[in-house]
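Chemist: Give the three-dimensional model of this entry:
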Amino acid sequence: MIIRPYYVNILRKYRDIPLVKLLAGIRRCGKSTIMEMLAEDLRQCGIASDHIITIRYTSEELEENMTARDMYENIRNRIRDNARYYLLLDEVQEVPGWEKAVNSLLENGGTDIYVTGSNAKLMSGEISTYLTGRYVSIPVFPLSFAEYLDFKKADHRSEKELLTEYLRLGGFPVVALGNFDERTAYQIVEGIYHSVITNDITRRHNIKNYELFDRVVRYIVENVGKTFSANAIVKFLKNEGRSLSVESVYNYLEWLEKAFVIYRCQRYDLQGKAVLKTQEKFYLADASLKYCIMGFNPKSVAAMLENVVYFELLRRGYKVYIGKNETKEVDFVALRQDERIYVQVCRNLPENSEREIANLLAIRDHYPKYVVTLDEMASGNIDGVKIVHLADFLLSPFY
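Modeler: Numbering: from 1, shown residues only. Purely as a prediction, here's the structure:
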């Protein structure tokens, strides 16, 4: 088992604090393995194994028609003394009303609770009712490039070669652990994708016209990192001779978000310092989701660089927006408490350098500004704008 220290350290920080720790992310991004890491870390800290209760609630292992009360009673029956118990509950969204059981266990005291889930039902109104102010959300993403390198420590290829592979094959741990060719890797990711679509969306929301839903998903995937609206999708489908309401498109987008397939990036007005509700962009949980659906095209790498940078910023705890500065746009404005950075992303700098740098220089403040590129010849500082290679940006702790 390869440790992901980022998540282990976060969970240590919240240990024994009376909050439910919610780890949520797309299927197969590593949540169950993080639970195994947590259990091992607890044992190394002297916690007895019989005081670490690990339960998986996947459909294969779930008792038929299990209720929240069944869940509660099952766990209580395993608590045999007044010492502290650590509850590691995996894929809890499969149990209807799990929030009630977890809340009761939290109220009874004596437990430190960690749960995972693959659907944003974890963040539903039921949690607001039962766990208000008593939980902390910890998003889990596929591997960062730094983690990918850890997974490939036995590989003797160069960092450059591994970055190229990371950009092509993505960061799902199951792919990184193997030595798969491109076709096999995309088949594995396609299986993950169809599992999410079937279990977390189509079946859960009773979608009747799967072909139409699939066409909407493909449109979104084709337009990752571009601004589009529900109306634009409806118009596009109409031109194809298909009919779908704007409301249905909004539902599809919401369901894809709740299954952690896509992430919404809103626009931020730098002049008015306000989040705008129009011209949003969407990014995929992992670049490989695009390639397994659409096939890999070297020309698509440039568009997916934004995707990689966006999630790196999220991993580091930033709230990330598209920057609007009057008529100019900045790829990302990243905010974290009183910190702020601006980031432009481009594949090759010389052909875009004037526009990329000018858009950043037009922002009249002293926060750090970066142009992130794959151009190996580009580096340095231009009027305060730092030119950084993608690998350095992903691996350096300077921001």
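Chemist: The stretch 151-300 of the chain: helices as residue ranges?
Modeler: 159-169, 173-176, 182-195, 210-222, 230-239, 246-258, 288-294 (DSSP state H, counting those that start in this stretch).
Chemist: possible to save those as a markdown table with mean neighbour count, distance to residue 331 and mean pLDDT?
Modeler: (Each C-beta comes from the backbone N, C-alpha and C, glycine too.) As requested, those are exported to a markdown table (neighbours: other C-beta atoms under 10 Å; distance: least, C-beta to C-beta, whole Å; pLDDT from 0 to 100):
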| stretch | mean neighbour count | distance to residue 331 | mean pLDDT |
| --- | --- | --- | --- |
| helix 159-169 | 18 | 17 | 96 |
| helix 173-176 | 22 | 26 | 97 |
| helix 182-195 | 17 | 25 | 96 |
| helix 210-222 | 16 | 19 | 94 |
| helix 230-239 | 15 | 21 | 94 |
| helix 246-258 | 17 | 21 | 94 |
| helix 288-294 | 22 | 18 | 95 |
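Chemist: how about the ones you listed, which one is nearest residue 336?
Modeler: helix 246-258 (21.9 Å; C-beta to C-beta).
Chemist: Just want the angle from that closest one to helix 230-239.
Modeler: On the basis of axes from the mean of the first three to the mean of the last three C-alpha atoms, to 10 degrees, helix 246-258 is oriented at 110 degrees to helix 230-239.
Chemist: residue boundaries of the strands in the stretch 51-200 of the chain?
Modeler: Here the stretch 51-200 of the chain has its strands, by DSSP state E, counting those that start in this stretch, at 52-56, 85-90, 111-117, 135-139.
Chemist: Which stretch among the ones you listed is buried most, on average?
Modeler: strand 111-117 (a mean of 23; mean count of other C-beta atoms under 10 Å).
Chemist: quick one: strands adjacent to it?
Modeler: Note on strand 111-117: by DSSP bridges, its sheet partners are strand 20-24 (parallel), strand 85-90 (parallel).
Chemist: Off-centre distance for it?
Modeler: For strand 111-117, the separation from the chain centroid amounts to 19 Å (computed by C-alpha atoms, centre = their mean, to the nearest Å).
Chemist: Please list all residues in contact with residue 212.
Modeler: Contact analysis of residue 212 by C-beta atoms under 8 Å, 6 or more residues apart in numbering lists 237, 242, 244.
Chemist: try it again with 7 Å
Modeler: 242, 244 (C-beta atoms under 7 Å, 6 or more residues apart in numbering).
Chemist: Against residue 290, how distant is it?
Modeler: As judged by C-beta to C-beta, to the nearest Å, residue 212 and residue 290 stand 20 Å apart.
Chemist: between the strands paired with strand 111-117, which has the poorest average model confidence?
Modeler: Lowest mean pLDDT of the strands paired with strand 111-117: strand 20-24, a mean of 94.
Chemist: so what's the closest residue in space to residue 100 that isn't next to it in sequence up against?
Modeler: Using C-beta to C-beta, 6 or more residues apart in numbering and skipping the chain neighbours, the partner closest in space to residue 100 is residue 68 (4.5 Å). Residues in contact with residue 68 (C-beta under 7 Å, 6+ apart) are 95-98, 100-101.
Chemist: mind putting the strands of the stretch 51-200 of the chain in TSV, distance to residue 339 included?
Modeler: Listed next are the strands of the stretch 51-200 of the chain as TSV, based on distance: least, C-beta to C-beta, whole Å:
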stretch	distance to residue 339
strand 52-56	37
strand 85-90	33
strand 111-117	28
strand 135-139	19
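Chemist: buried stuff in the longest strand along the chain?
Modeler: When the chain is scanned for its longest strand (criterion: DSSP state E), the result is strand 274-284. By 16 or more other C-beta atoms under 10 Å, the buried positions in strand 274-284 come out as 280-284.
Chemist: tilt between that strand and helix 210-222?
Modeler: Using the same axes, to 10 degrees: strand 274-284 against helix 210-222 is 110 degrees.
Chemist: for strand 274-284, packing partners?
Modeler: strand 262-269, helix 301-315, strand 319-325 (3 or more C-beta pairs under 7 Å, 6 or more residues apart in numbering; DSSP states H and E).
Chemist: okay, the ones you listed in a markdown table with mean neighbour count and mean pLDDT next?
Modeler: Shown next, in a markdown table, are the helices and strands packed on strand 274-284 (neighbours: other C-beta atoms under 10 Å; pLDDT from 0 to 100):
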| stretch | mean neighbour count | mean pLDDT |
| --- | --- | --- |
| strand 262-269 | 18 | 93 |
| helix 301-315 | 21 | 93 |
| strand 319-325 | 20 | 93 |
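Chemist: Ok, which of the ones you listed comes nearest residue 29?
Modeler: helix 301-315 (11.0 Å).
Chemist: on that earlier part again, need the buried residues of strand 274-284 in CSV with pLDDT, can you?
Modeler: Converted to CSV, the buried residues of strand 274-284 look like this (pLDDT from 0 to 100):
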residue, pLDDT
280, 90
281, 94
282, 95
283, 96
284, 97
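Chemist: Between the residues you listed, which sits nearest residue 367?
Modeler: Using C-beta to C-beta, the buried residues of strand 274-284 come closest to residue 367 at residue 281, 21.3 Å.
Chemist: Thought residue 229 was touching that closest one, still the case?
Modeler: No: using C-beta atoms under 7 Å, residue 281 is not in contact with residue 229, being 11.1 Å away.
Chemist: what residues are up against residue 31?
Modeler: 23, 25, 116, 140.
Chemist: residue contacts, the first one?
Modeler: I take that to be residue 23. Going by C-beta under 7 Å, 6+ apart, residue 23 touches 31, 34, 114, 116, 138, 140.
Chemist: Excluding chain neighbours, what is closest to it?
Modeler: residue 116 (4.5 Å).
Chemist: The helix or strand containing residue 343 packs against which elements?
Modeler: With elements taken from DSSP states H and E, the one containing residue 343 is strand 339-346. Applying 3+ C-beta pairs under 7 Å, 6+ apart, one finds that strand 339-346 contacts helix 301-315, strand 328-336, helix 353-361, strand 369-373.
Chemist: Good, we can wrap up now.
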